[in-house]
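Novice: Generate coordinates for the sequence data below:
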Amino acid sequence: MQEDHQKTGEAGKASASAKTSIVTVSPARSNGGAAAAETPLLSGTAPVTDARSLGTKMASAMDDIFSDVHSQESDEVTEIRHDAHHYNQSSTLGRAFPERLLALLVTLIFEIPVLLMISGGSDALCQLLGRHRYQLLVGFIPLTSAISGNVGLQASTLTTRAISHEHVTPRSYMVWFAAEVGAAAYLGVGMGCVLGGIAFVASGFDWPFGVTIFVAQFISVVTAGVTGTFAPLLLSFIFRQDSGKWGGPLETAIQDIVGSFAMVIVSYHLLVLLGHDAPVAANDRCGGRG
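Specialist: Numbers count the residues shown, from 1 in each chain. I've put the predicted structure just below:
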């Protein structure tokens, strides 16, 4: 009995010792598990931190870029305002000379091809149409020129105003340009239909003649919209010049050259293509007597 009691005591001590060892080991395992659990978290935090750092650097770089662009745009607007103030303070003679006179002389030089086309390059057209219809077509030249010039003036004025109000910038000018050219195309169709209808009636219901005037008017108006919009953008953002003074040669001259070319050269080939076969009376032939 005494031996059994001794064995029982030893078994109890061994059990207590085992419990103690379990209790002692468990915190170690718990700490080890915590450490193991913390290790992946710490290893996963580094990429997140790097990504945030990279994003911060990229955002800072973009801010610097846009800040530089905005600063450049502000300098351009300031320069335009300075030129406007300088012109406002100029005398009457100073407003006329030298820049505005020089711009007019450049326009005159650019307009010389128009003189040559109308005076010497339209004999074949006169022979094709006859004197009456040829005079009628020449009479439409100032009409198409006035209409296209008005479209160019509208586009130039609206673009200049948009630049001064910072609605158009070096970053957004293509959007504005595309919208204005699209508007000019719509205007060209509208006014082409009106003038084409007038030409159709005035020519004695000669439909090829009416279509020719429609096409010529459309080409003139679209060209005016392109040059009227492009000139202020080019002069303000590229050459840093006053578009109010130097827009004329680029707008007016090109509009007149293209418009006259459309009315004289394109009209002749278009009439031939459409098979214009309206009879020309003997007394209506170019060079004949009325």
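Novice: Tell me where the model's unsure across this protein.
Specialist: Residues of the chain that meet the criterion pLDDT under 70 lie in 1-52, 54-55, 57-77, 80, 121, 241-248, 277-278, 287-290.
Novice: try 80 this time
Specialist: Along the chain, the model assigns pLDDT under 80 to residues 1-84, 87, 118-124, 235-253, 275-290.
Novice: which residues in it form helices?
Specialist: With DSSP state H, the ranges of helices along the chain come out as 2-88, 92-96, 99-120, 123-129, 131-164, 173-202, 207-237, 243-248, 254-261, 267-273.
Novice: now the closest residue to residue 268 other than its chain neighbours: how far from residue 206?
Specialist: Excluding the flanking residues, the one nearest residue 268 by C-beta to C-beta, 6 or more residues apart in numbering is residue 125, at 4.5 Å. C-beta here means a position set from N, CA and C on the backbone, and glycine is covered the same way. When distance is defined by C-beta to C-beta, to the nearest Å, residue 125 is 14 Å away from residue 206.
Novice: Repeat that for residue 229.
Specialist: For residue 229, the distance to residue 206 - C-beta to C-beta - is 35 Å.
Novice: Give me the more crowded residue out of those two.
Specialist: More crowded of residue 229 and residue 206, by other C-beta atoms under 10 Å: residue 229, with 28 against 19.
Novice: Let me see the contact set for the more buried one.
Specialist: Residues in contact with residue 229 (C-beta atoms under 8 Å, 6 or more residues apart in numbering) are 155-156, 159, 176-177, 180-181, 184.
Novice: got these as TSV, with distance to residue 240 and neighbour count columns?
Specialist: Formatted as TSV, the contacts of residue 229 follow (distance: C-beta to C-beta, whole Å; neighbours: other C-beta atoms under 10 Å):
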residue	distance to residue 240	neighbour count
155	21	26
156	17	25
159	16	25
176	19	18
177	19	18
180	21	24
181	24	16
184	26	25
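Novice: Now flag whichever of those residues is closest to residue 144.
Specialist: When the contacts of residue 229 are compared for distance to residue 144 (C-beta to C-beta), residue 184 wins out at 13.8 Å.
Novice: residues touching the closest residue in space to that closest one that isn't next to it in sequence, list them.
Specialist: Spatial nearest neighbour of residue 184, excluding adjacent residues (C-beta to C-beta, 6+ apart): residue 225 at 2.2 Å. Neighbouring residues of residue 225 by C-beta under 8 Å, 6+ apart: 151-152, 155, 180-181, 183-185, 187-188.
Novice: Same check on residue 167?
Specialist: Counted by C-beta under 8 Å, 6+ apart, residue 167 has contacts residue 176.
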